[in-house]
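Enquirer: Mind looking at a prediction? Sequence and model below.
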2 protein chains.
Amino acid sequence: MSETAVPLPVSVPGSAGVRSAVEERLAVFLDTKACWAAAQGFPAEVTEVLRDLVLGGGKLIRPVLCVAGWRAAGGCGDEGPVLRVAVSLEMFHASALVHDDVMDRSATRRGRPSAHEALTARHVGRPDAARLGACAAVLVGDLALAWSDELLHTAGLSTDRFAAATVVLDEMRTELMYGQYLDLLATGRPSTDLNAALRITRFKSAKYTVEHPLQLGAVLAGAGARIRTTLSAFGLPLGEAFQLRDDLLGAFGHREHTGKPNLDDLREGKHTVLMALALERSDSVQRTALRRLVGDPDLDEHGAQRARDLLTATGAVSAVEEMIADRHRVALRALDGACLHPAAVAVLRELAATAVVRSS
Amino acid sequence: MSETAVPLPVSVPGSAGVRSAVEERLAVFLDTKACWAAAQGFPAEVTEVLRDLVLGGGKLIRPVLCVAGWRAAGGCGDEGPVLRVAVSLEMFHASALVHDDVMDRSATRRGRPSAHEALTARHVGRPDAARLGACAAVLVGDLALAWSDELLHTAGLSTDRFAAATVVLDEMRTELMYGQYLDLLATGRPSTDLNAALRITRFKSAKYTVEHPLQLGAVLAGAGARIRTTLSAFGLPLGEAFQLRDDLLGAFGHREHTGKPNLDDLREGKHTVLMALALERSDSVQRTALRRLVGDPDLDEHGAQRARDLLTATGAVSAVEEMIADRHRVALRALDGACLHPAAVAVLRELAATAVVRSS
C-alpha cells in the first residue's frame, strides 16, 4: 500500500496546521488508551507500536485532503468535528498499513520496522517470535480499525452529518478491501492487462487516498451533488496520478526518501500499470528477462537494476510519466470555474502538485 | 475462539425466531453485497466464503442474547432496529472468527473448512496458495468488520440509542482484542497462573460472548444503571461458565458435535483455566508429561488421550465442572427478584442452562 516517510511540504497553506492538529489528537487518543490498558494490566506494546506508526512521520495526506474537502465545500467555524473525523481516517489507515505489511511481509514502513517486525522484536526470545509478531499485528490492526470507529462515534457530528459521513466511509472501506483483494490475487503474476492494473490503482489507492477523503470532508460541510461531482472529477484522476507516481517510486525511489526498500515492489511482482506497460511494449527477449526478474523473491540489487533498465528501455517509464501528467491536467481542469471556495481551490492545486511531483 | 456447530435448542422461547430473523437479514445483506461486487467485477469468493461462515450453523448466541437483553430491559414494539444491531454483532463475530482461525491456523470451523482454508482451495493451482488464502482471509475479516459497522450505521437507531450502543460496542471490541492478545501471548506456554487464565477467559470470551451482547440489547431499550448492573451480575459469571465449558469441550468434545477437532486446543497449548489447574494439581511426573504433550503441534490421538487422562486424574476436570456450576448458580441468583421483564427472565434462565450444559 502506498505510503512514504516524508511529510508534505509545509508550503501547502494550512496543511502543516492540519497535520499538527491531527498528530496531537492521535497522540492524546493513544495516550488515553495506553493509560486505560495499563490500569487493566494489558500489554503496553499494543499502543506503543501503534503510536510509533501513526506518529512516525506519515504524510497524513488523507486527513489533509479531508479538511481541504471540507473547506472547499464552504466548511467554516468549529474545525473540531472535521479534525476528529480526519483523525479517525488516519487511524483506519494505520489499520490498513499494519495488515498490508503482514500480507506483503514488508520489513519496514516509514523507515522503521513494520508493526509485525516491531512486535516480533519484542518477543525475540520465543521460538515462534516471527509468527507471534504477525498474529499480534493482525490484532493490532483490528484494534486500530475498531478505534477508528470509536474516534468517528465520538467526533461530535450532528445526526445528518454522521449519516452522510458513514455512507462515504462505508463505501470507502468496502472499495479499499476489494481493491486490496484484486491486488493480492494479481501479485506474483503481472501481465499485459492494463485495465486490470488500472482497476487495482483506482480501488486500492485513487479512490481511497484522494477521492473519498475529499468527499468525506465535503459531506461534513453539507456539500450538494455539484460540489461532490467536482471533487470526484478532481480527486479520481489525481489519486490515479498519485498511485502511478508511487509505482515509479516503488521501483526507482530512494530508500532514504521513501522509507522502504525499492526492491520490495519488484520482488513481490506487483501487477502495476508500469509493469503492464513494460510487458506490453517489450520484445520477446525483454519480456523473458522481465518475467524472470520481477517477482523473484531473492532479487538482488544487480537484478533490480537490470529490471529498472528494462522498464525504462521499453518506454514504460516515460509512458507512466505521461499518464501522470495527463491525469494531473485533468484534475486541475476540474477546478477551473468550480463552485468551490477560492482559497481552498488554491490549496487543492498545490496539493495536486506535491502529490504528483514528489520523491517520497 | 469459542465457537461450535450446533444451534441452541429451539426450546428456549423466542431464540429460534431470533435466529431465523438474524440469518435472514445476514443473507439479504450478503446477497446485496454479492450483487454489487458482481456488478463491479470483483471476485465472488469474498461474499461466498463469508456467507458459508455466517450461515453455516453457528449458535448465534450473541444476537440471541442481544435481543434477550433488550426484552429483559423492557424493550417492546418494533424489533427491526435491535435485530439489525444483532446482525451487526454476528457480522463482527464472523470477522473475529476469520482472523482467529488465521492466527490459530485452524483448518476447520463449524465442521467445514475455515475461511482461509476455503480461500486456499479456490486457488489451489497457485504455488503460494496457502499464503494467498491466509492473506485473503485477513482481508475478508477486515471487510466483515467494516460491514458490521455498515449494518450498525444503517440500523435505524435514534441518536440517543446509537450513542449508547456505540459506547458498549467500542468497549466490547477493545476488550475482546486485548483478551485475544493476552491469549496469543500465553499460547504455547501454559502455566499454573490461574488468575492469568481467568483474565483471558473473562476478556476473550465472558464479556464478549455474554455480558456485552446483553448490555447492548439493554441500552437499546433505554435501560438504566440498575438493570444494567443486574445483567452484568448475570452475564459475567455465565460468560465465564460458557468459556470454561468450551475449554472442556476443546479437550474432550466430539468433533461431530463441536465442528472442530478436539486435538487443536491441546496441540496449540492454550493457557486455559483447565490447564492451569491441571499443572497446579499435578505431581512432578504428571506435570512433566503434561508439558510434553500439551503444546506439541504433532500430538496424535494416542498422546491426546494420555493428556486427557492426566487432566482428569489431576482433578482439574472436576474442579472446572465445579467452577462452571458455581458460576451458573451465581448467574441465576442475580436474576432473583431482579427488576427485569418476567418473561425475559425465564428466557435468560433457559439460555443459561443451554450455555452451561452442552455438548457443542
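Expert: Here it is on my side, so go on. Owing to the predicted nature of the structure, the values given are computational and were not obtained by experimental measurement. Numbers count the residues shown, from 1 in each chain, chains lettered A, B, ... in the order given.
Enquirer: For the rest of this, base every contact and every neighbour count on C-alpha atoms.
Expert: Fine.
Enquirer: mind listing the helices for the stretch 101-250 of chain A?
Expert: A:115-122, A:129-153, A:159-186, A:194-200, A:212-220, A:225-252 (DSSP state H, counting those that start in this stretch).
Enquirer: export those to CSV and tack on mean neighbour count and distance to A:I61?
Expert: Shown next, in CSV, are those (neighbours: other CA atoms under 10 Å in any protein chain shown; distance: least, CA to CA, whole Å):
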stretch, mean neighbour count, distance to A:I61
helix A:115-122, 23, 20
helix A:129-153, 23, 16
helix A:159-186, 19, 15
helix A:194-200, 19, 20
helix A:212-220, 29, 9
helix A:225-252, 23, 11
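Enquirer: To A:H99, which of those helices lies closest?
Expert: helix A:129-153 (5.9 Å; CA to CA).
Enquirer: now the angle from the closest one to helix B:159-186?
Expert: Angle between the axes of helix A:129-153 and helix B:159-186 is 170 degrees (criterion: axes from the mean of the first three to the mean of the last three CA atoms, to 10 degrees).
Enquirer: Tell me the backbone dihedrals of A:F42, please.
Expert: A:F42 adopts backbone torsions of phi -90, psi 150, taken as degrees, to the nearest 10.
Enquirer: Contact partners for the closest residue to it other than its chain neighbours?
Expert: Leaving aside its sequence neighbours, A:F42 sits nearest to B:Y178 (CA to CA, 6 or more residues apart in numbering or on different chains; 6.8 Å). Counting by CA atoms under 8 Å, 6 or more residues apart in numbering or on different chains, B:Y178 makes contact with A:42, B:203-204.
Enquirer: quick one: least confident of those?
Expert: In terms of pLDDT, the lowest of those is B:K204, showing 94.
Enquirer: B:R173 versus that one, what's the distance?
Expert: Separation of B:K204 from B:R173 (CA to CA, to the nearest Å) stands at 10 Å.
Enquirer: Nearest to chain B: which residue in the stretch 201-350 of chain A?
Expert: A:F203 (10.6 Å; CA to the nearest CA).
Enquirer: just checking, that residue touches A:R173?
Expert: No. In this structure, A:F203 is not within contact of A:R173 by CA atoms under 8 Å, at 10.1 Å.
Enquirer: What mean pLDDT does stretch A:239-259 get?
Expert: Rounded mean pLDDT across stretch A:239-259 is 85.
Enquirer: what pairs with A:R109 across the strands?
Expert: Under DSSP bridges, the beta-bridge partners of A:R109 are A:R112.
Enquirer: Contacts only, for A:R245.
Expert: Per CA under 8 Å, 6+ apart, neighbours of A:R245: A:321, A:324, A:356-358.
Enquirer: Helices - which of those residues land there?
Expert: A:321, A:324, A:356 (DSSP state H).
Enquirer: Now render those as JSON lines, adding neighbour count, distance to chain B and pLDDT.
Expert: Shown next, in JSON lines, are these (neighbours: other CA atoms under 10 Å in any protein chain shown; distance: CA to the nearest CA, whole Å; pLDDT from 0 to 100):
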{"residue": "A:E321", "neighbour count": "17", "distance to chain B": "28", "pLDDT": "96"}
{"residue": "A:I324", "neighbour count": "23", "distance to chain B": "25", "pLDDT": "97"}
{"residue": "A:V356", "neighbour count": "23", "distance to chain B": "27", "pLDDT": "84"}
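Enquirer: Enumerate the residues of the stretch 151-300 of chain A near chain B.
Expert: Contacts of the stretch 151-300 of chain A with chain B, taken as CA under 8 Å from any CA of the partner chain, map to A:153, A:159, A:163, A:166, A:170, A:173-174, A:177-178, A:180-182, A:184-185.
Enquirer: Check those residues and tell me the two furthest apart.
Expert: The span of these, defined through CA to CA, is set by A:T159 and A:L185 at 38.9 Å.
Enquirer: Just the buried residues of the host helix or strand of A:E23, please?
Expert: Following DSSP states H and E, one finds A:E23 within helix A:15-40. For helix A:15-40, burial by neighbour count (16 or more other CA atoms under 10 Å in any protein chain shown) applies to A:15-16, A:18-19, A:21-23, A:25-26, A:30, A:33-34, A:37.
Enquirer: Stretch A:270-284 too?
Expert: Quick answer for stretch A:270-284 (16+ other CA under 10 Å): A:270-282.
Enquirer: give the contact list for the nearest residue to A:A130 once chain neighbours are set aside.
Expert: Once flanking residues are discounted, A:A130 sits nearest to A:T120: 5.2 Å by CA to CA, 6+ apart. Shown in contact with A:T120 (CA under 8 Å, 6+ apart): A:129-134.
Enquirer: and if we set it to 10 Å?
Expert: By CA atoms under 10 Å, 6 or more residues apart in numbering or on different chains, the contact set of A:T120 is A:113-114, A:126, A:128-137.
Enquirer: Just send the residues you listed back as TSV, with pLDDT too.
Expert: Listed next are the contacts of A:T120 as TSV, based on pLDDT from 0 to 100:
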residue	pLDDT
A:P113	96
A:S114	96
A:R126	92
A:D128	90
A:A129	96
A:A130	96
A:R131	95
A:L132	96
A:G133	98
A:A134	97
A:C135	97
A:A136	98
A:A137	98
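Enquirer: Out of these, the closest to A:V67 would be?
Expert: For those, the nearest to A:V67 is A:S114 (27.8 Å; CA to CA).
Enquirer: what are the phi and psi angles of the closest one?
Expert: The phi/psi pair for A:S114 (degrees, to the nearest 10) is phi -70, psi 170.
Enquirer: That one: how many residues sit nearby?
Expert: 25 (other CA atoms under 10 Å in any protein chain shown).
Enquirer: right, and the helix or strand after the lowest-mean-pLDDT helix or strand in chain A?
Expert: Of the helices and strands making up chain A, the lowest-confidence element is helix A:255-258, at a mean of 66, by mean pLDDT, DSSP states H and E. From helix A:255-258 onward toward the C-terminus, using DSSP H and E, the following helix or strand is helix A:264-268.
Enquirer: Which residues outside that following helix are in contact with it?
Expert: Against helix A:264-268 from outside (CA under 10 Å, 6+ apart): A:104-108, A:187-190, A:247-252, A:270-272, A:275, A:290, A:293-300, A:303-304, A:307-308.
Enquirer: swap in stretch A:192-200?
Expert: A:176, A:178-184, A:186, A:190-191, A:201-202, A:204-206, A:240, A:243-244, A:270-281, B:41.
Enquirer: do that again at 8 Å, thanks
Expert: Here stretch A:192-200 makes contact (CA under 8 Å, 6+ apart) with A:179-180, A:182-183, A:271-273, A:275-280.
Enquirer: got JSON lines for those residues, with pLDDT too?
Expert: Converted to JSON lines, the contacts of stretch A:192-200 look like this (pLDDT from 0 to 100):
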{"residue": "A:G179", "pLDDT": "97"}
{"residue": "A:Q180", "pLDDT": "97"}
{"residue": "A:L182", "pLDDT": "97"}
{"residue": "A:D183", "pLDDT": "96"}
{"residue": "A:H271", "pLDDT": "94"}
{"residue": "A:T272", "pLDDT": "95"}
{"residue": "A:V273", "pLDDT": "97"}
{"residue": "A:M275", "pLDDT": "96"}
{"residue": "A:A276", "pLDDT": "97"}
{"residue": "A:L277", "pLDDT": "97"}
{"residue": "A:A278", "pLDDT": "97"}
{"residue": "A:L279", "pLDDT": "97"}
{"residue": "A:E280", "pLDDT": "96"}
